[in-house]
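Peer 1: Quick one: sequence plus predicted model below, questions after.
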Number of protein chains: 2
Amino acid sequence: MSELFKRTHLCGNLNIKNVEEEVVLNGWVAKQRSLGGLIFVDLRDKTGIVQITFDDTIPKEVFDQAEALRSEYVIGIKGIVKERAAKNPNLPTGEIEVFAKELVLYSESETPPIYIKDDDNVDDNLRLKYRYLDLRKLKMQENVRFRHQVTKLARDYFDENGFTEIETPILIKSTPEGARDYLVPSRVNQGHFYALPQSPQLFKQLLMVSGCDRYMQIAKCFRDEDLRADRQPEFTQIDLEMSFVDQDDVIEMQEGFLQRLFKELMDIEIKTPFPRMTYDEAMERFGSDKPDTRFGFELKSINEVVADTEFKVFADALAGGGDVRGICIDGGSAKFSRKDIDKLTEQTKHYGAKGVVWIRVEENELKSSVNKFFSQEQLAEIAAVFGAKTGDLILIVADRTKVVFDSLGFLRRHIAGLLGLLDDQQFNLLWVTDFPMFEKDDETGELKAMHHPFTHPKQEDISLLDTAPEKVKADAYDIVLNGVELGGGSIRIHEGDLQAKMFKVLKLTDEECQEKFGFLLEAFKYGAPPHGGLAYGLDRLVMLLSGEHSIREVMAFPKNQNAQCMVCEAPGLVEEGQLEELGINLR
Amino acid sequence: MSELFKRTHLCGNLNIKNVEEEVVLNGWVAKQRSLGGLIFVDLRDKTGIVQITFDDTIPKEVFDQAEALRSEYVIGIKGIVKERAAKNPNLPTGEIEVFAKELVLYSESETPPIYIKDDDNVDDNLRLKYRYLDLRKLKMQENVRFRHQVTKLARDYFDENGFTEIETPILIKSTPEGARDYLVPSRVNQGHFYALPQSPQLFKQLLMVSGCDRYMQIAKCFRDEDLRADRQPEFTQIDLEMSFVDQDDVIEMQEGFLQRLFKELMDIEIKTPFPRMTYDEAMERFGSDKPDTRFGFELKSINEVVADTEFKVFADALAGGGDVRGICIDGGSAKFSRKDIDKLTEQTKHYGAKGVVWIRVEENELKSSVNKFFSQEQLAEIAAVFGAKTGDLILIVADRTKVVFDSLGFLRRHIAGLLGLLDDQQFNLLWVTDFPMFEKDDETGELKAMHHPFTHPKQEDISLLDTAPEKVKADAYDIVLNGVELGGGSIRIHEGDLQAKMFKVLKLTDEECQEKFGFLLEAFKYGAPPHGGLAYGLDRLVMLLSGEHSIREVMAFPKNQNAQCMVCEAPGLVEEGQLEELGINLR
């Protein structure tokens, strides 16, 4: 092993104040070049880059060594900080350079298969395979450090507020509902399997029954789902639960956390309390239970205005108990051609919409895709609902209510994106509350829990459980940032009889209840406190705050779209003997 | 749901300074009794117990409600703190009581299957099944909280010292060596398996290659081993790694951590630097690489004194390259009868010893189990090696060196225990360094890595790798507390060629290297910094500091001896369809 130079400073921290200091630095060669008898090395560590200069005042063997340096060689240097003659304003350390006196080479590098620069646009799988090189990029180092700061701040804040971090087990029992479990065959109890937790939900509720009072954990969770969109097989939650609280208590605690997070890590003042909006209001106004409130284009119902229409699409929607709603894009008429609108219509089909009706508000005329069916007066009446003015574009969807909301919810956000209205320096936090307790399963038509079956119904709706369960609202709440759900939670049921009734509404047999949740029901027999909590998706939270567009950018070793770890090549083949010990065979 | 009383205080925090304050408390009824027209309730939360008194000044319905309270009911009360007439010095809150004015019942409780008191000596499996009740015990609450404080302090300390907490993946590749892996069948890549990590070793080394510089993680680790002794299928490490460091740097960083841990959480001053002892010295003096230095009874060799003996047991041991060593128990002669020594001898057989020779130093005589073979003069010569005095007991083992060390190492600690010399208020921390790089595999006789194959050999021993690898010492170090290994680590190999040589000594083929560690070797091609680290067994650390004798006492939901979670009944059966999706069958 080469001699070790004991570091005195980190590269990125040097500045004009260090001039004339003797410093020792360790790091990677980002670049080496010779110019006018001098050798310049950009030396990089996790904090940044500083220029090292080798001149002819140093021993020839050191100079020669410096001449042989190549990118990604790992070196240490001792030298003196000097003010630069030609300053580099693009580099934080650009006012200085370090004149090297000594040099040690720790290790060489072959030519790396990917460039170590932030804006390198390389294939994702290559980046993931050489993640240890990808992580050398300063932006990735920043992300790693920022994620650490978020978790550190979370732990500090909740510790100060009396929370205890408690580890819940990773090897638990499989409950086949919700997402698919990862299974772990047991060797000691052959034929039996552990499951990896989708969340610590049941255990954190048990901790409340245990009197732990305030629990937090930054917890690994697992879901064996297909990785469409930006999902990962293993992901991380900031998981929280409190006893003897109501919804306001939980919300207030979280607002304190988020306020501090934005203040300390983003230097942004967020006012509390955050706006709150019921689920119904969010759907009515934004067509989404995670409304992005950074821009307008709110939904309006034109059910009343078109109640007597003969236009079949509208009439059918209304007759079927559906809706006719639309959004108005300010000044949108000039910005969206016929072709653009066709494209939007096409995209809206993913949400079930069979078409989009448009109205352009022009100087002297209202043009519309449904001119044939509506008079100018009728169109004006519709436009008036939106308060539309000349130059605006109205887009209307008529269908089942869910399709209308989903389609318009998509359209307003998508259009805002096209128009550049999604300001990623603006952070609109809000609570969505009063979620429905149940939703209809698309396939079976049966009611299922919208959040989960431990969610407490709103006190005033409990009597509806017997008569009209679909109308029951829950003490459930989501925290939404710019149209993305950062986290969600609820007050839980702590009453055994109410929990039993809930399972009954969900048509679980006694046997199923016992099999799946028996231990929770058993625990509730021995004194359960009122409790509630919340969990944040840490990956998503860090992604949003750091301005990244994929959670993979804020995870050190994410899996690829096939759930593979490209670094260690997992999953892999195992030896027959391993399977034998576990009592399993490949099919 | 009952009305929620918003808590103003925690039960255990109330004291004489709160007298006359109106307080609101929530908690569990630990005990309820009527006496002289009053009702007394011991109310418990995680902080402790306080006495609530109901008298006849309150409305009758509240009094009646209080009368109906039973153990483990969950209640809230509003009341006034009063100084007690008859103070209870055994209770931290014993100087006061709270006169209740209002009462709310949150939930009732059936008679709990285990008592909620610290010293309840109930069956372990029952405790684990009703863990949520077991955790209500104040001692368990203290343990849970203490564990939190240890991890919090670790995170604070290492954060202040520039470490970044980075999550490494849980779904990784199986490397069938060391302990047995837990496997996770992949659904997407059928026939392939993930493994759960036994430690984040390879990933933390990759993070050093990534330039992350200082990594920490409180990491879940998994080993599918039989649960003899005090092991758990899932356990937790405080895992650390640093770049550009040597052994002294790592040790100094850890001493700062442990010093602060003892100071802040135990109010104990520990001096730094801690004592250091080479592996060889530890074995010679204590017969163990984790010496307990709280007491004497150090090992002495009598090889020279008995070199010419005709006593076959000694002669054979020496002739076979083995050893004759012993320990001297101060004043032990009177404390251990012949029968006691027989029992010790029996126990020593677990360590391979075929017998134990004893010498009692009496006033005028040296009595011994080998009187026949040794003259009084010869026995006196042996006794002199130990500096034995009248009343002492010498115990000698002759065998292969490993058996001698293991047996005497066991005897000295076991006897110290019997004699009450293991003071659990004394904390002797020390470093054991310079471990052998390799040890012989008992079964195959081949060399295997004593720590792991990434451990850096000592610089001066590298040349021995070719000629006498069994003599090579490593830059490996363990931190030992009172005879227990708290953690261990090493400086790692960062030179690709040295790593390759190491694999060669271990007789790994190129193909095996590539299969098992290919990604690390590949990473080393692109500029690896010198690095090293350490990992603490968190469960054991917390156990020792909290004075517990099993790691199960410091884990919220441990598994039982059959690797089962008694709370959720994992592992369990799964549905055939789940196995089908994973492409596996039960054998």
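Peer 2: Nice, I can see it.
Peer 1: for stretch A:51-60, what is the average pLDDT?
Peer 2: Regarding stretch A:51-60, the rounded mean pLDDT is 96.
Peer 1: Do any residues in it lie close to chain B?
Peer 2: No. Stretch A:51-60 lies out of reach of chain B by CB under 8 Å from any CB of the partner chain, never closer than 15.9 Å. The way it works is simple: take the backbone N, C-alpha and C, and place the C-beta from them, glycine included.
Peer 1: do the same with stretch A:131-148
Peer 2: Yes. Stretch A:131-148 reaches chain B (CB under 8 Å from any CB) through A:131-133, A:135-136, A:141, A:144-145, A:147-148.
Peer 1: what does the average pLDDT come to for that stretch?
Peer 2: The model assigns stretch A:131-148 a mean pLDDT of 97.
Peer 1: likewise stretch A:268-284?
Peer 2: The model assigns stretch A:268-284 a mean pLDDT of 97.
Peer 1: Against which helices or strands is the helix or strand where A:Glu61 lies packed?
Peer 2: Secondary structure from DSSP states H and E places A:Glu61 in helix A:60-67. Applying 3 or more CB pairs under 8 Å, 6 or more residues apart in numbering or on different chains; DSSP states H and E, one finds that helix A:60-67 contacts strand A:38-45, strand A:48-54, strand A:96-107.
Peer 1: Low-confidence ranges, chain A, go.
Peer 2: A:1, A:120, A:176-177, A:229 (pLDDT under 70).
Peer 1: quick check: domain ranges of it?
Peer 2: Listed domain ranges for chain A are A:11-107, A:140-277+A:429-555, A:295-418 (source: automatic domain parsing).
Peer 1: Return the most buried member of the ones you listed.
Peer 2: With neighbours defined as mean count of other CB atoms under 10 Å in any protein chain shown, those peak in mean count at domain A:140-277+A:429-555, which reaches a mean of 20.
Peer 1: What distance separates the opening and closing residues of that one?
Peer 2: Terminal residues of domain A:140-277+A:429-555 lie 9 Å apart, using CA to CA, to the nearest Å.
Peer 1: any idea how far it is from the chain center?
Peer 2: Relative to the chain's own centre, domain A:140-277+A:429-555 is displaced by 15 Å; criterion: CA atoms, centre = their mean, to the nearest Å.
Peer 1: What of stretch A:358-375?
Peer 2: The chain centre lies 41 Å from the centre of stretch A:358-375; the measure is CA atoms, centre = their mean.
Peer 1: How about stretch A:73-91?
Peer 2: For stretch A:73-91, the distance to the chain centre is 38 Å (CA atoms, centre = their mean).
Peer 1: which SS class is the closest residue to A:Ala334 other than its chain neighbours?
Peer 2: With CB to CB, 6 or more residues apart in numbering or on different chains as the criterion, A:Ala334 has its nearest non-adjacent residue at 6.3 Å, and that residue is A:Gly391. Assigned state for A:Gly391: coil (three-state reduction, DSSP: H, G, I helix; E, B strand; the rest coil).
Peer 1: and A:Gly391, what is it in contact with?
Peer 2: For A:Gly391, the contact set (CB atoms under 8 Å, 6 or more residues apart in numbering or on different chains) comprises A:330-334, A:361-362.
Peer 1: ok but A:Val29 is inside a helix, no?
Peer 2: No. The assignment for A:Val29, made by three-state DSSP, is strand rather than a helix.
Peer 1: wait, doesn't it sit right on A:Arg70?
Peer 2: Yes. With contacts counted by CB atoms under 8 Å, A:Val29 reaches A:Arg70, the gap being 6.7 Å.
Peer 1: For the stretch 1-150 of chain A, which residues are neighbours of chain B?
Peer 2: A:1-2, A:4-7, A:26-28, A:44-46, A:72-74, A:76, A:106-110, A:112, A:130-133, A:135-136, A:141, A:144-145, A:147-148.
Peer 1: among those residues, which are in helices?
Peer 2: Taking DSSP state H, the ones among the residues of the stretch 1-150 of chain A next to chain B that sit in helices are A:131-133, A:141, A:144-145, A:147-148.
Peer 1: what's the most distant pair in these?
Peer 2: Based on CB to CB, the longest span within these runs between A:Leu133 and A:His148 and measures 20.5 Å.
Peer 1: Nearest residue to A:Ser199 in space, ignoring adjacent ones along the chain?
Peer 2: Residue nearest to A:Ser199 in three dimensions, not counting chain neighbours: A:Cys221, with 5.2 Å by CB to CB, 6+ apart.
Peer 1: quick one: the strands in the stretch 301-450 of chain A?
Peer 2: Along the stretch 301-450 of chain A, counting by DSSP state E, counting those that start in this stretch, strands occupy A:323-329, A:357-361, A:366-368, A:393-399, A:429-433, A:438-440, A:447-449.
Peer 1: can you tell which of those strands is closest to chain B?
Peer 2: strand A:429-433 (16.5 Å; CB to the nearest CB).
Peer 1: Show me what the closest one is packed up against.
Peer 2: helix A:247-266, strand A:276-278, helix A:279-286, strand A:476-481.
Peer 1: For the stretch 401-550 of chain A, which residue gets nearest to chain B?
Peer 2: For the stretch 401-550 of chain A, CB to the nearest CB, closest residue to chain B: A:Gly527, 3.8 Å.
Peer 1: That residue touches B:Val74, doesn't it?
Peer 2: Yes. Taking contacts as CB under 8 Å, A:Gly527 lies within contact range of B:Val74: 4.7 Å.
Peer 1: any common contacting residues for the two?
Peer 2: Both A:Gly527 and B:Val74 are contacted by B:28, B:107, B:109, under the criterion CB under 8 Å, 6+ apart.
Peer 1: Within reach of chain A, which of those residues are there?
Peer 2: Answer for the shared contacts of A:Gly527 and B:Val74 near chain A (CB under 8 Å from any CB): B:28, B:107, B:109.
Peer 1: Including distance to A:Gln190, could those go into JSON lines?
Peer 2: Below are these laid out as JSON lines (distance: CB to CB, whole Å):
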{"residue": "B:Trp28", "distance to A:Gln190": "40"}
{"residue": "B:Ser107", "distance to A:Gln190": "40"}
{"residue": "B:Ser109", "distance to A:Gln190": "38"}
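Peer 1: which among those residues gets closest to chain A?
Peer 2: Nearest to chain A among these, with distances taken as CB to the nearest CB, is B:Ser109, at 3.8 Å.
Peer 1: what number of residues lie near that closest one?
Peer 2: Using other CB atoms under 10 Å in any protein chain shown, B:Ser109 has 19 other residues around it.
Peer 1: partners of it in the sheet?
Peer 2: With DSSP bridges applied, B:Ser109 shows beta-bridge pairing to A:Tyr526.
Peer 1: can you tell me which residues contact it?
Peer 2: Applying CB under 8 Å, 6+ apart to B:Ser109 gives the contacts A:525-527, B:70-74.
Peer 1: all strands of the stretch 101-250 of chain A, in order?
Peer 2: With DSSP E, counting those that start in this stretch, the ranges of strands along the stretch 101-250 of chain A come out as A:164-165, A:183-185, A:193-195, A:214-222, A:234-243.
Peer 1: For the nearest residue to A:Leu183 once chain neighbours are set aside, name its beta-bridge partners.
Peer 2: Here the nearest residue to A:Leu183 in space, its sequence neighbours aside, is A:Phe193; by CB to CB, 6+ apart that works out to 4.5 Å. A:Phe193 has these beta-bridge partners by DSSP bridges: A:Pro185, B:Gly572.
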